[in-house]
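**Student:** one predicted model, sequence on top.
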Amino acid sequence: MTTGQLTVPAGRLPALVPGACQVWWARPDDVASEHDALLSPDELQRRCRILRAADRERFTAGVVVVRTVLGVHAGRPPDALRIDRTCPLCGRQHGKPHLPEVPDLQFSVSHSAGCVVVAVGRGAPVGIDVEHVASWDAADLDEVAQLTLAREERAVVSRQPAGLRAAAFTTYWTRKEAAVKATGAGLTAPLDEIVVSAPTAPPRVLRWSDPAGGNPPVLRTLRPPAGFAAALAVAGGMPASVVELDAGPLLRALSAAG
């Protein structure tokens, strides 16, 4: 999908050593009907509750990439993995996902428009976010920025030329979303009290607000497809390596084998 991504033949995934992180990119059309067999009954029910067809396709692609990659690294069949999404606050299935039987494997998934991305690490929690840089109406952009950006961040966005404001805002947004997803604070952390570096600067958390009192994660820039912004966050320190890979060939090979 981008020049920074590696193509890996099925069955030849690079080893995932402690401290390393893999970022897998995919498109909804990489997924075939045969991949439905990988979804759990709960995941199939969740998909049925999604109203828009495009959203259902993105959800399916995210689950299939997660199960395919984690299955290889865990040494288990993808459809046999038990993914727990229980929220610690309310008990519903919208919390930070994890593998109870393989706790050292950490992962995060995000999708927007025609892009799906999954981050997988070993030993350190990860968070990832991708967003399509939409053509925001100025009033809508200001309203959302008031809820999610700190005052100094809003000032940076407002100083941008009109055609660049959406990209600046989306860069801020993805960095913050990745950070709170890595720590599991997504439901409780006030985004407007978290400050990250300016869109043109290397990604970094400058001010952190986590009700649980944890330390801020490390942020990394990614190479998403054109028209998207994306960020990776890793809790517990800088990852030893980050490699971006194209999941398309892997999923197509899996479909052909099925």
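**Tutor:** Looks like it arrived, so ask away. Residues are numbered from 1 along each chain as shown.
**Student:** output the longest helix belonging to the chain.
**Tutor:** Criterion DSSP state H: the longest helix present in the chain is helix 53-74.
**Student:** and that one, how far from the chain's centre?
**Tutor:** Helix 53-74 sits 12 Å away from the centroid of its parent chain (Cα atoms, centre = their mean, to the nearest Å).
**Student:** what lines up beside the helix or strand following that helix in the sheet?
**Tutor:** Sequence order places strand 105-112 as the next helix or strand after helix 53-74, per DSSP states H and E. Using DSSP bridges, the strands paired with strand 105-112 in its sheet are strand 115-122 (antiparallel).
**Student:** quick one: the partner strand to helix 53-74, angle?
**Tutor:** Computed by axes from the mean of the first three to the mean of the last three Cα atoms, to 10 degrees, the angle separating strand 115-122 from helix 53-74 equals 20 degrees.
**Student:** then strand 115-122 to PDB, C-alphas only?
**Tutor:** Taking Å, rounded to 0.1, in the frame of the first residue of the first chain, the C-alpha atoms of strand 115-122 are listed here in PDB:
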ATOM      1  CA  CYS A 115      -7.600   1.600   5.300                       C
ATOM      2  CA  VAL A 116      -7.100  -1.000   8.000                       C
ATOM      3  CA  VAL A 117      -4.100  -1.200  10.200                       C
ATOM      4  CA  VAL A 118      -3.000  -3.600  13.000                       C
ATOM      5  CA  ALA A 119      -0.100  -3.200  15.400                       C
ATOM      6  CA  VAL A 120       1.400  -6.300  17.100                       C
ATOM      7  CA  GLY A 121       4.000  -6.200  19.800                       C
ATOM      8  CA  ARG A 122       5.500  -8.600  22.400                       C
END
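**Student:** next SSE downstream of that strand?
**Tutor:** Following strand 115-122 toward the C-terminus (DSSP H and E): strand 126-132.
**Student:** as a whole number, average confidence for stretch 134-145?
**Tutor:** Average pLDDT, stretch 134-145: 86.
**Student:** show me how far that stretch is from its chain's centre.
**Tutor:** The chain centre lies 22 Å from the centre of stretch 134-145; the measure is Cα atoms, centre = their mean.
**Student:** other residues contacting it?
**Tutor:** Residues from elsewhere that reach stretch 134-145 (Cβ atoms under 8 Å, 6 or more residues apart in numbering): 153, 154, 157, 162, 165, 166, 169, 170. No exception for glycine: its C-beta is placed from N, CA and C like everyone else's.
**Student:** and the helix or strand hosting the third one, what does it pack against?
**Tutor:** Okay, so that is residue 157. Using DSSP H and E, residue 157 sits within helix 151-159. For helix 151-159, the packing partners by 3 or more Cβ pairs under 8 Å, 6 or more residues apart in numbering; DSSP states H and E come out as helix 138-148, helix 165-183, strand 195-196.
**Student:** most surrounded residue in the contacts of stretch 134-145?
**Tutor:** Counting neighbours by other Cβ atoms under 10 Å, residue 169 comes out on top of these with 27 neighbours.
**Student:** correct me, but it touches residue 149?
**Tutor:** Yes: at 7.3 Å, residue 169 counts as touching residue 149 under the criterion of Cβ atoms under 8 Å.
**Student:** name the residues contacting each of those two.
**Tutor:** The contact sets of residue 169 and residue 149 overlap at residue 157 (Cβ under 8 Å, 6+ apart).
**Student:** residues in contact with the residue lying closest to residue 76 once chain neighbours are set aside?
**Tutor:** Residue nearest to residue 76 in three dimensions, not counting chain neighbours: residue 102, with 7.8 Å by Cβ to Cβ, 6 or more residues apart in numbering. Contact analysis of residue 102 by Cβ under 8 Å, 6+ apart lists 70, 74, 76, 81.
**Student:** closest one to residue 87 out of the contacts of stretch 134-145, please.
**Tutor:** residue 170 (26.3 Å; Cβ to Cβ).
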